[in-house]
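Asks: Sequence first, predicted model second:
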2 protein chains.
Amino acid sequence: MLDGLIQKNNTKIVLLVLDGVGGLPVRDGKTELELAKTPNLDLLAKKSALGMHIPVDYGITPGSGPGHLGLFGYNPIKYQIGRGILEALGLGLEVKDTDIAIRGNYATVEYIEGKPIIKDRRAGRISTEENQKITSKLSQAIKEIEGVKVHFASGMEHRLAIVLRFPEELPEGSDRIKDTDPQKEGLEPIEPEGENEASERVASVVRKLLRNIQEILSDEPKANYVLLRGFSQKPKMESFESRFGLRACAIAVYPMYKGLASLVGMELVDFPGQSIQDEIMALKRVWEEYDFFFMHIKKTDSYGEDGKFEGKIKVIEEFDRHLPEILELKPHVLVITGDHSTPSVLKGHSWHPVPVLLHSPYVLGGTSERFTERECLKGELGIFPAEKLINFMLANSLRLAKFGA
Amino acid sequence: MLDGLIQKNNTKIVLLVLDGVGGLPVRDGKTELELAKTPNLDLLAKKSALGMHIPVDYGITPGSGPGHLGLFGYNPIKYQIGRGILEALGLGLEVKDTDIAIRGNYATVEYIEGKPIIKDRRAGRISTEENQKITSKLSQAIKEIEGVKVHFASGMEHRLAIVLRFPEELPEGSDRIKDTDPQKEGLEPIEPEGENEASERVASVVRKLLRNIQEILSDEPKANYVLLRGFSQKPKMESFESRFGLRACAIAVYPMYKGLASLVGMELVDFPGQSIQDEIMALKRVWEEYDFFFMHIKKTDSYGEDGKFEGKIKVIEEFDRHLPEILELKPHVLVITGDHSTPSVLKGHSWHPVPVLLHSPYVLGGTSERFTERECLKGELGIFPAEKLINFMLANSLRLAKFGA
């Protein structure tokens, strides 16, 4: 739709994602956003365009991957990010077009007649520290297999991620390899095999990788094997800059969100600290360098996931106190929204539409009193698919030419 | 979209269809729903998710077939139910994958030079009783043609339905046979011919059937011929249970709606009586046996079709009095809506969006005061395609897994 309409100018767009910000009533029939005291947001809401976005589809609860792809203007059903990639991104590994990313579990096997039989699929849930020690051993011992670079990253307890970086871009379907985890103890791990020529090439590297791992871990009492799941390659995606004409950067603390931003080619801004204040400092520092600023605040979601609505309210209030600093930068377009809802009462992501606030000189405004679920329902943006948010942002920054004469 | 996301649990979902419930102002600028006194619905509306569904598309007036398919989660444009099937279902015949269903008219022909020439396409609109007598004569005389079972059902005045049940499932396109009714008196009926091999096989059976009918009706003074229209076979549809993981039943009085429910594989609940009270008794009786309960209330539509808005209001009020009994069953998700609007002022189905109320523990609520067209417009569900209602019902019963990680 936007092909041929994109035009460049010097406007600046801020996309501020309060992760999981949408909620449901938690006390006195009010949601977290309704209970939060947000004088600055209230003021902004009165003169902004409000609405609700649907991350994926009616009734569908999105993971963080589809949630963010939508906000970035990519259809989250068309562009599906595999489990291996999300795990790798979440643990801080980079994923390129040349890569196969894999989720792994340390496991315990016992050799019976020379064959590995799974005794514990999670290696007795070894400690995260133990995991880091073992993963670092693997990283040092295995750097390359037949010209394919191997990257390991340790996760929580028994989890790890592996990225295989091939010398050249891989054809589509290279990740068609079944999980090696048979999902049951007492069985032999499944030997990785490709379902087509391209994935068989990957599988042959994986088989050698597994032999090497077995050897290196042979004297480990618990974690003497690695089960692999979620083989995946990056979907072919045009970069954010070439698609929308925006030089974009990401200001985020958690690896997963940095990873998602880098998947679409946003540049990652390094900064010290982890607080909202630290993120705003970073935003100010790079303000002149980009057109588009994706800023991610995680804690709204974390408290929602834990069912701690008081904590979620506090993060919203903390953000509200910092809002004037962002407004002082005078972005032409400022969007405040979430990647999905995380109602504290559900202790997890949910399917509910997500409040959106869009501030620009070209909005109606005056429809609503606050940035809350119920007030956003009254707004001029209506209820719309997340992937159309980019259209609103581009339009309001006067970066879209007229369609037709 | 829902592929791979469906998960089962013990929740119960009630889909309550007040046929044709939506309306337009009839008195004092108020619609039937607005004029009705509905204290129980009002109370429920305040704490429910409200919205409007679009049965087929903006501005499109649906028949009962597409209206219900949408509510059942099937795209009503993709799955079109032929006229013959709707007629057969409406007259209480079953329609299976092996069947060809046909609408028929009794007609009067005169034999000129041995050829039948149509004198009256409706056999002088014989009485329904006369029709029943003649149809029963046909039923007794013609039970099978070349291994194909034949079922007749009499309708109002000159109308009837015929179902041909073949010994095995029919290939797609088997219903490609043109109407035999030339739509004009003074002409010969059109000889049925198949447009392809599969339909020609059906046509050859139909030709023999017509010869038999001619013979049996030869001494009838008026109804001495049958014109056939709307040859149709059931579209290939995955069953409701395999598609959505819900064991579903239908509680309905009129054959058409039972038929539509059975087309998607819902089980029909038999019960005595025809009142709303009778339907609720049936609902209570089978409450433990199913996950999903489609309950159909017809009279709202009937009064709308007759332009009798007072009658429509009374049915809505009657339903309201019974609502507490349904709530006492504590369904996890209760949806109240219509299959389309039937404004009394239009005396027929209309294209207007249809009010939807969804009650579950996971709604915002508090957006609206009543279950009316204007109050539903303020609701959190927005205006959405009918076929997405199933997503909302599944999400709110926690039967959908997260999409992506």
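Replies: Thanks, I have it.
Asks: list the buried ones in the host helix or strand of residue A:138?
Replies: Assessed by DSSP states H and E, residue A:138 sits inside helix A:128-141. Neighbour counts using 16 or more other Cβ atoms under 10 Å in any protein chain shown place A:130, A:131, A:134, A:135, A:138 of helix A:128-141 among the buried residues. For the C-beta atoms, the positions are set from N, CA and C on the backbone; glycine is no exception.
Asks: so what does the helix or strand following that helix touch, helix or strand wise?
Replies: Using DSSP H and E, the helix or strand that follows helix A:128-141 towards the C-terminus is strand A:144-145. Counting contacts by 3 or more Cβ pairs under 8 Å, 6 or more residues apart in numbering or on different chains; DSSP states H and E, strand A:144-145 is packed against helix A:197-216.
Asks: Distance from the chain centre to the helix it packs on, please.
Replies: When C-alpha coordinates are averaged (Cα atoms, centre = their mean, to the nearest Å), helix A:197-216 and its chain have centres 28 Å apart.
Asks: and that helix, what other elements does it pack with?
Replies: For helix A:197-216, the packing partners by 3+ Cβ pairs under 8 Å, 6+ apart are helix A:128-141, strand A:144-145, strand A:159-165, strand A:225-232.
Asks: Nearest to residue B:393, out of the ones you listed?
Replies: For these, the distance to residue B:393 is smallest for strand A:225-232, at 30.3 Å, taking Cβ to Cβ.
Asks: For the closest one, output the C-alpha coordinates as PDB.
Replies: This file holds the C-alpha atoms of strand A:225-232, laid out as PDB (Å, rounded to 0.1, in the frame of the first residue of the first chain):
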ATOM      1  CA  TYR A 225      23.900 -33.600  26.200                       C
ATOM      2  CA  VAL A 226      22.000 -30.900  24.400                       C
ATOM      3  CA  LEU A 227      18.500 -31.300  23.000                       C
ATOM      4  CA  LEU A 228      17.600 -29.000  20.200                       C
ATOM      5  CA  ARG A 229      14.200 -27.400  19.300                       C
ATOM      6  CA  GLY A 230      12.800 -24.600  17.200                       C
ATOM      7  CA  PHE A 231      15.300 -24.600  14.300                       C
ATOM      8  CA  SER A 232      14.600 -21.300  12.600                       C
END
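Asks: which neighbours does that strand have in its sheet, and in what orientation?
Replies: strand A:99-112 (antiparallel) (DSSP bridges).
Asks: re the thing from before, who touches the helix holding residue A:138?
Replies: Applying Cβ atoms under 8 Å, 6 or more residues apart in numbering or on different chains, the contact partners of helix A:128-141 are A:106, A:126, A:151-160, A:212-213, A:216-217, A:220, A:222-223.
Asks: at 10 Å instead, please
Replies: If you take Cβ atoms under 10 Å, 6 or more residues apart in numbering or on different chains as the criterion, helix A:128-141 is touched by A:91, A:104, A:106, A:123-127, A:150-162, A:209, A:212-213, A:215-217, A:220, A:222-224, A:226.
Asks: Report the angle between it and helix A:197-216.
Replies: 110 degrees (axes from the mean of the first three to the mean of the last three Cα atoms, to 10 degrees).
Asks: Now helix A:128-141: average pLDDT?
Replies: Mean per-residue pLDDT for helix A:128-141: 96.
Asks: Dump the C-alpha coordinates for that helix into CSV.
Replies: Output of helix A:128-141 as CSV, limited to C-alpha atoms (Å, rounded to 0.1, in the frame of the first residue of the first chain):
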residue,chain,number,x,y,z
THR,A,128,21.9,-20.8,35.9
GLU,A,129,25.5,-20.3,37.1
GLU,A,130,26.3,-23.9,36.3
ASN,A,131,24.8,-23.4,32.8
GLN,A,132,27.0,-20.3,32.3
LYS,A,133,30.1,-22.3,33.1
ILE,A,134,29.2,-25.2,30.8
THR,A,135,28.1,-22.9,28.0
SER,A,136,31.3,-20.9,28.2
LYS,A,137,33.2,-24.2,27.9
LEU,A,138,31.3,-25.0,24.7
SER,A,139,31.9,-21.5,23.4
GLN,A,140,35.6,-21.8,23.8
ALA,A,141,35.9,-25.3,22.4
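Asks: what's the span of stretch A:379-391 from first residue to last?
Replies: Terminal residues of stretch A:379-391 lie 17 Å apart, using Cα to Cα, to the nearest Å.
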